[in-house]
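Participant: got a predicted structure plus its sequence, pasted below:
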There are 2 protein chains.
Amino acid sequence: MKAVLGREPMSTPYSAAQRRTIAVALELFSQHGVAGTSLQMIADALRVTKAAVYHQFNTKDEIVLAAAEFELAQLESVVDAAEAQPSAKLARNVLIEGIVDLTVARRRTVNAILSDPVVVGFFADHETWRDVMHRLRRLLIGDDAGPEARVRTAMLVAAISGAATHPFVADLDDDVLRIELLRLARRFLGLPG
Amino acid sequence: MKAVLGREPMSTPYSAAQRRTIAVALELFSQHGVAGTSLQMIADALRVTKAAVYHQFNTKDEIVLAAAEFELAQLESVVDAAEAQPSAKLARNVLIEGIVDLTVARRRTVNAILSDPVVVGFFADHETWRDVMHRLRRLLIGDDAGPEARVRTAMLVAAISGAATHPFVADLDDDVLRIELLRLARRFLGLPG
DNA sequence: GTCTATAGTGCGATAGAC
DNA sequence: GTCTATCGCACTATAGAC
């Protein structure tokens, strides 16, 4: 099932210090954007100096890539779980639920990181990214490549990730947001829900 | 109808040179983000020096604000047109159509600018922005402030603006994208269409 | 693994000639 | 309105002590 050749999802076992760096970087990137976040800001948030951060990662780009791949890996595991379902219908259901859960749980970071111009540039030639997007698209659209299906899919993905970050719902509880997102997403796809 | 006190939508008549600066700034901001765009890049795109750009605007922040307000003004005129309708139903219809038109016509810039972290920060205390958002929300939700209505509204706004920028539909013609977005948005709201 | 110190570069912004 | 030239600063990144 996961026998995709040459791909090694989490083959880099980051140290605890590296994971802490990634965590604070994600928070700062989501607030100020990648380009608007300096290594000084990351170092200050970790309460160490810049040199200490450079001991964990050789360049800023490596931090950006590690942070982006961290979010990507979670999306990938949702896609994995969906593909493991016996039918296309079940797969789509698991996918929607997984995306909603992921988006709500990490609503401050996921969308901000994956849509940042710098990350978009990095991911343009990124194999795992293209693979995950391709599988995601296939799960949702199937073999129908017509405009209606494609726009509907883009709207659904954008609606879920965008709505979770939207100021209109900033004060809603995670549970309430999750339930409403799920219900509307299913209705949008014409699924029972 | 537009008698909102103390608000002066386009009271600053920018010169032709200033409008050219705003136009190239919007393009660059949407590609690299606000923080990732330097005044040197703007000057190069205009084929002048930085000093010439500083003759049009005193600071980079002024350029960012002018560019963001340019996009906001177009959204505001859509809201104006919707509020001029005689019924709530017609108003909502005009609003959806206007947002779809605007988003498709300027699909590379609108969403990127208005969701940029720097612009979000500028607009946090921006009167016109808050006013337009409040009126937009009122037109779509009315007096229903329940979670379902709020999530549905956030999803709709995010779906339209996000879908237009989504790579899944990057190669679709503007006309096709416009028609599909409109149809799906109306179906999402339970409107005839 | 963290520090101080610093190199080298590009940034936003300004002065003043034309 | 555009230019050359420059200031002061923050940035990424490195060197070397502890």
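Facilitator: Received the coordinates, thanks. Numbers count the residues shown, from 1 in each chain, chains lettered A, B, ... in the order given.
Participant: contact partners for the closest residue to A:P117 other than its chain neighbours?
Facilitator: Nearest residue to A:P117, sequence neighbours excluded (CB to CB, 6 or more residues apart in numbering or on different chains): B:G33, at 4.3 Å. Heads up, the C-betas are built off the backbone N, CA and C, glycines and all. Each residue near B:G33 by CB atoms under 8 Å, 6 or more residues apart in numbering or on different chains is listed here: A:33-36, A:116-118, B:112, B:116-118.
Participant: if we go to 7 Å?
Facilitator: A:33, A:35, A:116-117, B:116 (CB atoms under 7 Å, 6 or more residues apart in numbering or on different chains).
Participant: what do you get for A:A163?
Facilitator: Going by CB under 7 Å, 6+ apart, A:A163 touches A:169, A:181, B:151, B:154-155, B:158.
Participant: run through who's touching the longest helix seen in chain A.
Facilitator: Ranked by residue count, the top helix of chain A under DSSP state H comes out as helix A:60-83. Under the contact criterion CB under 7 Å, 6+ apart, helix A:60-83 has outside partners A:1-2, A:9-10, A:21-22, A:25-26, A:29, A:34, A:39, A:57, A:91, A:94-95, A:98-99, A:102, A:109-110, A:113-114, A:118-119, A:122-123, A:128-129, A:132, A:135-136, A:139.
Participant: low pLDDT regions in chain A?
Facilitator: A:1-12, A:191-193 (pLDDT under 70).
Participant: up against DNA strand D, what does it have?
Facilitator: For chain A, the residues in contact with DNA strand D (CB under 7 Å from any atom of the strand) are A:37-41, A:50-51, A:54, A:58-61.
Participant: quick one: buried ones out of the residues you listed?
Facilitator: With burial judged by 16 or more other CB atoms under 10 Å in any protein chain shown, the buried subset of the residues of chain A next to DNA strand D is A:37, A:39, A:41, A:60.
Participant: Three-state assignment for A:A185, please.
Facilitator: helix (DSSP: H, G, I helix; E, B strand; the rest coil).
Participant: now it: closest residue in space that isn't a chain neighbour?
Facilitator: Nearest residue to A:A185, sequence neighbours excluded (CB to CB, 6+ apart): A:I96, at 5.3 Å.
Participant: next SSE downstream of the host helix or strand of the one you found?
Facilitator: Assessed by DSSP states H and E, A:I96 sits inside helix A:88-105. The C-terminal neighbour of helix A:88-105 among helices and strands, as given by DSSP H and E, is helix A:110-114.
Participant: of the buried ones among the residues of chain A next to DNA strand D, closest to A:G162?
Facilitator: A:T37 (21.8 Å; CB to CB).
Participant: now that closest one: how far from B:T49?
Facilitator: Note on A:T37: its distance to B:T49, by CB to CB, to the nearest Å, is 29 Å.
Participant: before we move on, back to that, farthest-separated two in the buried ones among the residues of chain A next to DNA strand D?
Facilitator: Of all pairs drawn from those, the greatest distance, 11.0 Å, lies between A:M41 and A:K60 (CB to CB).
Participant: please list all residues in contact with A:L140.
Facilitator: A:L140 neighbours (CB under 7 Å, 6+ apart): A:92, A:95, A:153.
Participant: that's all I had, so thanks and see you.
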